[in-house]
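Colleague: Sequence first, then the predicted structure:
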Amino acid sequence: MSHEVNMHGQSEVITTHEVHHDEHHGHHHKETFITKYIFSQDHKMIAKQFLVTGIIWAIIGGLFSVLFRLQLGFPNETFPFLETILGKWAQGGKLDPEFYYALTTMHGTVLVFFVLTAGLSGTFSNFLIPLQIGARDMASPFMNMLSFWFFFAASIVMVSSLFVQTGPASGGWTSYPPLSALGDASEGSKIGMDLWLIAMALFVVNSLLGSLNYISTILNMRTKGMSMTRVPLTIWALLFTAVLGVLSFPVLLSGFILLLFDRHAGTSFYLSDIFLASTQKALPNEGGSAILYQHLFWFLGHPEVYIIILPTMGLVSDVMSANARKPIFGYMAMVASMFAIAVLAFLVWAHHMFVTGLNPFLGAFFVLLTLLIAVPSAIKVFNWLTTLWKGNLRFTPGMLFSIGFVSMFISGGLTGIFLGNSTLDIHLHDTYFVIAHFHIVMGVSAFFGMFAGLYHWFPKMFGRFMNNTLAYIHFWITLVGAYLIFWPMHYQGLAGVPRRYLDFSGWASFNQFDGLNRFISIVTIIVFAVQLLFVFNFFYSMFKGRRVRTQNPWGATGLEWTTPINPGHGNWEGEIPEVHRWAYDYGKDGREFIPQTEPVGANETPEGKH
Amino acid sequence: MSTLLIIAILLLGFIVIFQIAKASEYVSVLKGEKKTFEQNNRINGFLLLAFLILGLIGVYWCNEMFKGKILGEAASDHGEKIDTMLYITIAITGIVFIITQILLFWFSFKYQYSEKRQAFYYPHNNKLEALWTAVPAIALTVLVGCGLYYWFKITGDAPKEANVIEITGKQFGWIYRYPGKDKVFGKKYYKNIDESKLNQLGLLWDDKAAQDDIVTNEAMYMVVGKPVKLVINSRDVVHDVGLVHFRMKMDAVPGTPTTMWFTPKYTTAQMKEKTGNPDFEYEISCDQMCGKGHYSMKGIVKVVEPAEYLLWLAKQKTNYVMSNPEPETAPAAPAADSTATAATAVSKSLSN
C-alpha cells in the first residue's frame, strides 16, 4: 500500500545517495525499500519518520497520563486490568506509588522531549525548510539521517527502561538530584535512571545534529530572490528554535554528565550532607550543591518551552494567513517578537527556582525579565487577532486548530504572569496551578499548532486529504475537553493542592476536590480516545484518503505548493523557481492570492504598502 | 470481562463514527465541493461563537462553584500580601483574558467566508503595533512593581524578636528543633546521625549549646502574633516546606540551609472556629518531589497562645536527655563540669 502512495515520488527519485547499494545488490526491490523508507536521506521521508515515531510516542505518553489519572480520579477503586498489563506495579489493580511516579516522570519526559521537540521540530523543520525556502534537500542529508537514527536509538533506550526490574526513572521529568542520584533513595533512581540519562544524551545528539542542519540550510540554501525578509514565518520560527536548541542542549548534557559522575564515580557535584533512612548510613559526599543541577537543567529547561512553542507559532501564522485570505499582520513585528522571545528565553531560567533559597535580589531580575516576555507574546496575539479581522475565513481543520491555538496561548500565557511573579510563585509553586499553566500554554497549544500544521500540510506530505468530518470531531472535542481538563486545575492550584500527589485522602487541606478529580479523569479518557481517532484518520488517509488533484489545494502562496503533488527527492523537476515577493500576498489588488514565484507586475501596489 | 466489554463498545463507537465520516465524504462529493465547504464553514463559524458564549458562562459558573473551596483567609501577614497581589493580577489578566477571547471568537464568527466579501489587504500598521507594545508594557510594569514591593517585604530579614525554629525534611517526615533556653542552636554534623540513639539530626554533644536543644517529630509549635523564622534543612533529598494556610513555601536542600519568616495571625483553635471545621489543622505539605512517599509527607503546625506555648515547651525533654539516658548526667542545669560530661558522651557516640 505504501508503494501506491509514493508511486509518483518513486519514479522521480534522483538516486544520488545509494548508501546500501552494495549490500543488497541481488534484491533490487528490497534495496529501494531500505534506502527509501529506512535509511533515507530525503528530508521529506526523514520528516515522516520523525512524525510517525512522534505519534507512537504521543500515544504511549498519553496512555501513561490516562493510567495515572485513573489513580487520581478513583483513588479508592481497583482496576484489575491494570494488574494484567502492569504486573507487580499494580498489584490488586492499584498503582504502586513508585510506579505512579514513574508514569508521571515518563509522561513528562516523553511528551516534552520525544513528542513536542523531536516529533514537532523534527517533522516540520525537515519537511518545510527545504520546501519553503526552495532547496533540494538539507545542507547535509547524511547528518539529517543520523539525527533521526540518534532519536530512534534514544527512543529504544527509553522504552527499554520501562522493562527493567526496578522500573523506569521516577524522580519527575526534571530529575532533581539527590533523589535522582541515589539508588537507595528511590527504586527509579537505580538502573532506570541510568537508562534515562543515556537516552537523553542520545536525544541531545539528535537535537544538535538536526538543529545545526536546519540553521545552515536556512542561512545558506535559499533560492534566488528568497531573502530573509521574504521567507514564511515558519522558517523564522524554525531558525530561532534551532538556535535555542544548539545553545542550550549542551548545557543540559553537561548537567547530566555531572549527575552520572555523582552516581557512579563518587564525585560530589550535587551531593552534600546526606543521611539515608533506608540504609541508615551517612554518605561520604560533602560540599556539593543540589541547586547547581537545577541551574544547569533550567538553562535548557526554560528555552525548551520555547523550542516547543516557537515552531507552532510559525506554523499557525502561515496556516491562519492562508485561510484568512489575508496577509499575516505585522510580519516584521512577528519576526522581532520571536527574536525577543528567543533572547529572553535564556535570561529567565531561575524563575523556576524562586523558592529554592535563591537570593531574593537576584530573583527580582528574573521576575522583571520573565514578565518582559509577556510583551512580545502580547504583540503576537494582537497580530493574530488583526490577521483575522476583516478576513474571509475558511474554517479548514488547520484553521480551526490555529484559532484554538491562539485561544489556548492566551489562556496559558496569562497564567504565566502569575507564576513569573515571585510573590505569587511562593504560594503557587509546584501546585496544580503550574500544571494547568504549562499544559495549556505549551502542551495543548503546541499540540494545536502541530495539528494545524499536520492538517494543512498533510496533502503535501502524502498527496491525499485527511477526512474532514473526523477532523472536525477531533477539533471540537479536543478544544472543549482541554479546557474542561485544565481550567479547573487553576482552582486546585489556588487552593495550594501540590502536584505529584497520588492520593489526597490523608490531607485535610487538599481533599475537597474528589468530585472534580473524577470529572477531570473522565474527560481525559474521552479526549485521549479522540486523539486515537485522529491517529486512525492520519494513517487511514495516508493510504485511502481522497487524492489531491491540484498542485495547490489551499490556494496558498508558498513555494512548497509549486512542487509536484508527490514531489520526488530533489523536490522540483527542473530548475528551482525564483522568488519575487514575500509569502503573504493574499487579497492584494483584488486578487485571491499571488504565489511567491510571480514577478511583481508593473501596476501592482509596491511591497509593504496598502 | 467488563474491560473487554468497554473495549468492544469503544471499538464499535470508532467504527460508527468512522462510517459516518466516510459517508459524509461521499455526500460532499455528490453535493459538490463548494456547497459542502460553505455548509461546513457556517456550522463551524456558529460553533465558534457558541463556544465563546458557553465558555464564558462556564468560567463564571466554575468561579461560583469553587469560590468557597479555595483561598480561605490567609493565616499570616505575608499571606495577606500575597493574596492582595493575587487579586491585582487576577483583575488585570482577567480583563485581558475576556477581551482577547471575545475578539478572537467574535472575529472568527463575523469574518467567516462569504462569497461577497473580499479580504482586506492589511499587512501592517506601525501605530497599532506600537500601541500594543506599550499597553502591555505599562500593565506589566505595574505588576512587576507591586510584585517586587511585596517580594522584598516577604523575603526581607526577619525581625529580631522572631522565634527561630529549625525544620528538617527527611524521607518521609519532618523533624523540628528548638534552640532551648540559651536560644542558640547547637552544632550538628550529619555523619553523627544515629537514629538508634535518637539523635536524628547528628547533634554534637560536646557543644554546650546542643545540650538544651529540643528535637521533636510531633508538631511545630508557634506563638500567635509573634514572628517566627524557620531555618530549613534536609537530611537526604530536596524537600519543600509548604504552608498552604500561611501561603508560604521554601525548599529544603541538603547541605544548604534556607530560611523563611512570617507572623501567624490565628491560633489553630481560632481557625477551627473560622473554618467551622473542628478537625482543622495547619498542615505542612512537602511540595518538592522526594520519592515514593512524597504524597504522604505531612507535618502539623500548632499555633497557640503564648501561655500554652510556654507550657508545651516546659514539658519537652531535651534531645540530650533522650539520647543519653544515664541517671547521673544532669543536662537540664549545665554545671561547670558539663563540658567533660558532654565530651565523654561524644566520644562514646563516635566510638559506636
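Modeller: Thanks, I have it.
Colleague: and the residue in chain B that chain A sits nearest to, backbone torsions?
Modeller: Residue of chain B nearest chain A, by C-beta to the nearest C-beta: B:Gly255 (2.9 Å). From N, CA and C alone the C-beta is placed, and that goes for glycine too. When read as degrees, to the nearest 10, the backbone of B:Gly255 gives phi 90, psi -10.
Colleague: That one reaches A:Ser289, doesn't it?
Modeller: Yes. Between B:Gly255 and A:Ser289 a contact is recorded at 6.9 Å, counting by C-beta atoms under 8 Å.
Colleague: Find the residues that touch each one of those two.
Modeller: A:Ser272 (C-beta atoms under 8 Å, 6 or more residues apart in numbering or on different chains).
Colleague: These two - which one has more neighbours?
Modeller: Between B:Gly255 and A:Ser289, B:Gly255 has the larger neighbour count (other C-beta atoms under 10 Å in any protein chain shown), namely 21 against 18.
Colleague: all strands for chain B, in order.
Modeller: Assigned by DSSP state E, chain B shows strands spanning B:163-170, B:173-178, B:214-216, B:220-223, B:228-234, B:239-243, B:248-252, B:258-262, B:282-286, B:298-304.
Colleague: what angle separates the last one from strand B:282-286?
Modeller: When axes from the mean of the first three to the mean of the last three C-alpha atoms, to 10 degrees is applied, the directions of strand B:298-304 and strand B:282-286 differ by 150 degrees.
Colleague: Might you list the low-confidence residue ranges for the stretch 51-200 of chain B?
Modeller: Judged against pLDDT under 70, the stretch 51-200 of chain B has no low-scoring part.
Colleague: what's near enough to touch the spatially closest residue to B:Phe185 that is not a sequence neighbour?
Modeller: Nearest residue to B:Phe185 in three dimensions, chain neighbours excluded: B:Pro179, at 4.9 Å (C-beta to C-beta, 6 or more residues apart in numbering or on different chains). Neighbouring residues of B:Pro179 by C-beta under 8 Å, 6+ apart: B:164, B:166, B:185-186, B:209, B:212-213.
Colleague: Okay, B:Pro179 and B:Ala209: tell me how far apart.
Modeller: Per C-beta to C-beta, to the nearest Å, B:Pro179 is found 8 Å from B:Ala209.
Colleague: quick one on the thing from earlier: check the contacts of B:Pro179 for burial and list the buried ones.
Modeller: By neighbour count, with 16 or more other C-beta atoms under 10 Å in any protein chain shown, the contacts of B:Pro179 hold B:164, B:166, B:185-186, B:209, B:212-213 as buried.
Colleague: re the thing from before, out of the strands of chain B, which is closest to B:Ala134?
Modeller: For the strands of chain B, the distance to B:Ala134 is smallest for strand B:248-252, at 34.6 Å, taking C-beta to C-beta.
Colleague: Report pLDDT for residue 9.
Modeller: Just so you know, I chose chain A. Note on A:Gly9: pLDDT of 39.
Colleague: should've been chain B
Modeller: Reported pLDDT for B:Ile9: 87.
Colleague: So what's the residue count around it?
Modeller: So B:Ile9, with other C-beta under 10 Å, has 10 neighbours.
Colleague: quick one: common contacting residues for B:Pro179 and B:Ala209?
Modeller: Contact criterion C-beta under 8 Å, 6+ apart; residues shared by B:Pro179 and B:Ala209: B:185-186.
Colleague: Could you report the distance from the nearest residue to A:Arg547 once chain neighbours are set aside to A:Phe538?
Modeller: Nearest residue to A:Arg547, sequence neighbours excluded (C-beta to C-beta, 6+ apart): A:Arg464, at 5.6 Å. Noted for A:Arg464: a distance of 11 Å to A:Phe538, by C-beta to C-beta.
Colleague: I'd like the distance from the residue in chain A that chain B sits nearest to to A:Leu283, if you could.
Modeller: Chain B sits closest to A:Ser272 of chain A, with a gap of 2.9 Å, by C-beta to the nearest C-beta. Applying C-beta to C-beta, the value for A:Ser272 to A:Leu283 is 9 Å.
Colleague: cool, A:Leu347 as well?
Modeller: The value you get for A:Leu347 to A:Leu283, if C-beta to C-beta is used, is 35 Å.
Colleague: Which of those two has more residues huddled nearby?
Modeller: Using other C-beta under 10 Å as the criterion, A:Leu347 and A:Leu283 rank with A:Leu283 on top: 22 against 17.
Colleague: A:Val246: how many residues sit nearby?
Modeller: Neighbours of A:Val246 using other C-beta under 10 Å come to 16.
Colleague: what does the stretch 151-300 of chain A put close to chain B?
Modeller: Within reach of chain B by C-beta under 8 Å from any C-beta of the partner chain, the stretch 151-300 of chain A has these residues: A:170-172, A:174, A:176-179, A:182, A:185-187, A:271-278, A:280, A:282, A:286-291.
Colleague: Out of these, which sit inside strands?
Modeller: Applying DSSP E to these, the entries found in strands are A:275-276, A:282.
Colleague: From those residues, list the buried ones, please.
Modeller: Listed as buried from these are A:275-276, A:282; burial here means 16+ other C-beta under 10 Å.
Colleague: Run through the helices of the stretch 251-400 of chain A in chain order.
Modeller: Using DSSP state H, counting those that start in this stretch, the helices of the stretch 251-400 of chain A run over residues A:290-324, A:331-344, A:360-372, A:374-388, A:397-419.
Colleague: can I get the ones you listed in a markdown table with mean neighbour count and mean pLDDT?
Modeller: Shown next, in a markdown table, are those (neighbours: other C-beta atoms under 10 Å in any protein chain shown; pLDDT from 0 to 100):
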| stretch | mean neighbour count | mean pLDDT |
| --- | --- | --- |
| helix A:290-324 | 25 | 95 |
| helix A:331-344 | 20 | 95 |
| helix A:360-372 | 19 | 94 |
| helix A:374-388 | 23 | 95 |
| helix A:397-419 | 26 | 96 |
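Colleague: per-residue pLDDT, residue 272?
Modeller: Went with chain A since none was named. 93.
Colleague: oops, I was thinking of chain B
Modeller: So B:Lys272 comes in at 93 (pLDDT).
Colleague: do B:Ala332 as well
Modeller: If you check B:Ala332, the pLDDT there is 50.
Colleague: what's the answer for B:Lys229, then?
Modeller: 96.
Colleague: A:Ile156: neighbouring residues, count only.
Modeller: For A:Ile156, the neighbour count with other C-beta under 10 Å is 11.
Colleague: same deal with A:Tyr540?
Modeller: Residues near A:Tyr540, counting by other C-beta under 10 Å: 17.
Colleague: quick one, what contacts it?
Modeller: Contacts for A:Tyr540 (C-beta under 8 Å, 6+ apart) come out as A:467, B:18.
Colleague: just how off-centre is the helix or strand harbouring it within its chain?
Modeller: Take DSSP states H and E as the rule and A:Tyr540 turns out to sit in helix A:514-544. Distance, stretch centre to chain centre, for helix A:514-544: 18 Å (C-alpha atoms, centre = their mean, to the nearest Å).
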